[in-house]
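Enquirer: below are the sequence and a predicted model for it; my questions follow.
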Amino acid sequence: MRSKAIKEGLERVPHRALLYATGIPPSEIDKPFIGVATSFTDIIPGHIGMRDLERFIEKGIHTGGGYPFFFGVPGICDGIAMGHRGMHYSLPSRELIADMVETIAEAHQFDGLVLLTNCDKITPGMLMAAARVNIPTVIVTAGPMHSGYLRGKRLSLVNDTFEAIGKYKKGLLRDEELRELEMCACPGAGSCQGMYTANTMACVTEALGMSLPYCATALATESEKRRIAFYSGIRVVELVKKGITPRKIMTRKAFENAIRVDLALGGSTNTVLHIPAIAREAGVDLPLEVFDKLSRQTPHLADMLPAGRHYLEDLHHAGGIPALMKVLKEVLHNTPTVSGKRVHRIADEAEVRDTEVIRPLERAHRPEGGIAILKGNLAPEGAVVKQTAVSDKMMVFEGRARVYDSEEEAMRAILGGKVKSGDVVVIRYEGPKGGPGMREMLSPTATIAGMGLSESVALITDGRFSGGTRGPCIGHVSPEAMEGGPIALVKDGDTISIDIPRRQLELKVPEAELKKRQKRWKMPEPKVKTGYLSRYQRLVSSAAQGAVML
């Protein structure tokens, strides 16, 4: 056990004295020491129920024969951070979380880890740490929120509150209706109810093999989640005794399984940032092209919010990730998982309880998966679109550029009625370096949708999108504007061509003219010159590389 380094031998008398000061009984000192990283906070709905789950993880670790030590990591609610300075910190917090878990686990030489997480950047940060530290680890995602309910209609955060802004601006909602939505859309604890980034990453974690079956979709407020937390505590001690570490789970084949599940669900485009970043920590090369290759081979089987009609609770009642893997079994690798069961066994034991929520292959919603990687002279290193959230009408689109150098500038134009049918809204200098922090553009995309323009207006950005975004919205354009990428050269009125089936994103400007613009371009001053964001901007890589700090 690694923990022998802090508790055995004559020279460790001071260490043991400090350990006994914590209250640990002498009878427990020789047991495996399990660190439990918890991202509990009072300000994130997906995390407010974690105190309860901490108790059940603790019970499980004791039952399994280990001794738990809890420590906290930070969390940011992307919904609350959206649309203002706070969103600059969301993606960069992923690196902080990974570094903090690594630091505490190594400083105290834990034998194993349970990582209690839930929301957008916290789960990938925890997974990055698990791969980096590489000691036996189980991830517990705290679970999705129940759908809201108002006047006979189920509600979700993104589709019913962010898009309400545009509807209100169009005069489609009254003041009292807005107030009712605010009170009813999010009824309590849990991650937001659709296949947004938090729930997408929970499903990816389970498909990757790093959490127990049904963990991703078991609702935050139900007793099933408590039992999963309890068994996760037991299981991590078993992994310690058997020497099963994350890199034995998180192999190239396991990442391919996770990507296929993500594609079949029509998950968030943010996984194209997070999965390569996690793979990098696990020593697995996972280029952007893998997503597109697998997307062409993986059908879209679950019609989930935001573009579809099903909630996470529907997916869970239909059989969860194991049932989806049952449908996909023939293309999934039979990799090990932290549960002790291999993927094919989990799939064999599952049952598809609702074939409308999880469709069979012959009735897939679309023959291809959720994500497409576009390239062209506007995005030489690639750009990302959630194609399952784009209507057939907008899969091929050509329009005139309306260029904005920040999210705020774009929002003023959209709300001011300056964006019209036939426009391609370009929001730049919002990439990893330019933002800094690669903010999510949910407010502009949701407002466009709420104003009824998602069938006639496209949006491209070197920033990124919320998992709740729907419509022809293309993000992660690389190289970004701050690096002098072609998106920095676009002018108002330029023609932009989008062809998702052919995976093309083109700026219809002669090459000679682009070269002239490139010579005149000068890198703008960084928006932030002090603190963590300044360091992040100097060290962060391209979105095409997962926006990792190098």
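Expert: Arrived safely.
Enquirer: now the closest residue to Gly370 other than its chain neighbours: how far from Ala307?
Expert: Nearest residue to Gly370, sequence neighbours excluded (Cβ to Cβ, 6 or more residues apart in numbering): Gly266, at 3.7 Å. Any C-beta I mention is one placed from the backbone N, CA and C, and that applies to glycine too. Look at Gly266 and Ala307: by Cβ to Cβ, to the nearest Å, they are 7 Å apart.
Enquirer: so which of these two has more stuff around it?
Expert: Set Gly266 next to Ala307 and count neighbours by other Cβ atoms under 10 Å: Gly266 wins out with 27 against 22.
Enquirer: so that one touches Gly369, yeah?
Expert: Yes - the pair Gly266 and Gly369 qualifies as a contact (Cβ atoms under 8 Å) at a distance of 7.5 Å.
Enquirer: give me the common contacts of these two.
Expert: Where contact means Cβ atoms under 8 Å, 6 or more residues apart in numbering, the residues bridging Gly266 and Gly369 through contact with each are His300, Thr388.
Enquirer: now name the helix or strand holding Ala264.
Expert: Taking DSSP states H and E as the definition, one finds Ala264 inside helix 252-265.
Enquirer: what pLDDT, on average, does the helix or strand that comes right after that helix get?
Expert: From helix 252-265 onward toward the C-terminus, using DSSP H and E, the following helix or strand is helix 271-281. Averaged over helix 271-281, pLDDT sits at 98.
Enquirer: in a strand, Ala189, correct?
Expert: No - Ala189: not assigned to a strand; according to DSSP: H, G, I helix; E, B strand; the rest coil it is coil.
Enquirer: so who does it touch?
Expert: Contact criterion Cβ under 8 Å, 6+ apart gives Pro45, Gly46, Ile48, Gly49, Ala142, Met145, Ala220, Thr221 as the residues in contact with Ala189.
Enquirer: now it. Nearest residue, chain neighbours left out?
Expert: Ranked by Cβ to Cβ, 6+ apart and with sequence neighbours excluded, the top spatial neighbour of Ala189 is Gly49, at 3.8 Å.
Enquirer: and the strands in this structure, which stretches?
Expert: Under the criterion DSSP state E, the chain contains strands at 33-38, 67-72, 112-117, 137-141, 148-150, 153-155, 371-376, 379-386, 396-404, 423-427, 458-461, 473-478, 495-499, 504-507.
Enquirer: what's around Glu356, how many residues?
Expert: By other Cβ under 10 Å, the residues close to Glu356 number 12.
Enquirer: wait, Ser211 sits on Thr141?
Expert: Yes - here Ser211 reaches Thr141: they are 6.2 Å apart, a contact under Cβ under 8 Å.
Enquirer: joint contacts of these two?
Expert: Here Ser211 and Thr141 share the contacting residues Ala202, Thr205, scored by Cβ under 8 Å, 6+ apart.
Enquirer: which helix is the longest one in the protein?
Expert: Residue-count comparison of every helix in the chain, with assignments taken from DSSP state H, identifies helix 223-242 as the longest.
Enquirer: show me what counts as buried in it.
Expert: Buried positions in helix 223-242, judged by neighbour count with 16 or more other Cβ atoms under 10 Å: 225-226, 228-241.
Enquirer: over to stretch 313-322?
Expert: Of the residues in stretch 313-322, those with enough neighbours to count as buried (16+ other Cβ under 10 Å) are Glu313, Asp314, Leu315, His316, Ala318, Gly319, Gly320, Ile321, Pro322.
Enquirer: contacting residues around the last one?
Expert: For Pro322, the contact set (Cβ under 8 Å, 6+ apart) comprises Pro213, Tyr214, Ile346, Ala347, Glu349, Ala350.
Enquirer: do you know how far the third one is from Ala323?
Expert: Read that as Ile346. Plainly put, Ile346 is 10 Å away from Ala323 if you go by Cβ to Cβ.
Enquirer: ok so, going back, pick the most deeply packed of the strands of the chain.
Expert: Mean neighbours per residue, mean count of other Cβ atoms under 10 Å, is largest over those for strand 137-141, with a mean of 31.
Enquirer: how about the CA coordinates for that strand, as CSV?
Expert: These are the backbone C-alpha positions of strand 137-141, laid out as CSV (Å, rounded to 0.1, in the frame of the first residue of the first chain):
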residue,chain,number,x,y,z
THR,A,137,-10.3,5.1,-8.3
VAL,A,138,-14.1,5.0,-8.6
ILE,A,139,-16.0,8.1,-9.9
VAL,A,140,-19.4,8.8,-8.4
THR,A,141,-21.5,11.3,-10.4
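Enquirer: quick one: contacts of it?
Expert: In contact with strand 137-141 (Cβ under 8 Å, 6+ apart) are residues 53, 57, 112-118, 123, 126-127, 130, 191, 201-202, 205-206, 210-212, 215-216, 228-229, 232, 235-236, 239, 245-246, 338.
Enquirer: try it again at 6 Å.
Expert: When contacts are taken as Cβ atoms under 6 Å, 6 or more residues apart in numbering, the neighbours of strand 137-141 outside the stretch itself are 113-118, 130, 202, 205, 210-211, 215-216, 229, 232, 235-236, 246, 338.
Enquirer: repeat that for stretch 526-537.
Expert: Stretch 526-537 is contacted by residues His88, Pro92, Lys433, Pro436 when judged by Cβ under 6 Å, 6+ apart.
Enquirer: please redo it, this time with the cut-off set to 10 Å
Expert: Contacting residues not belonging to stretch 526-537 are listed as 85, 88-89, 91-93, 95-96, 406, 429-438, 482, 538, 540, 547, 549 [Cβ atoms under 10 Å, 6 or more residues apart in numbering].
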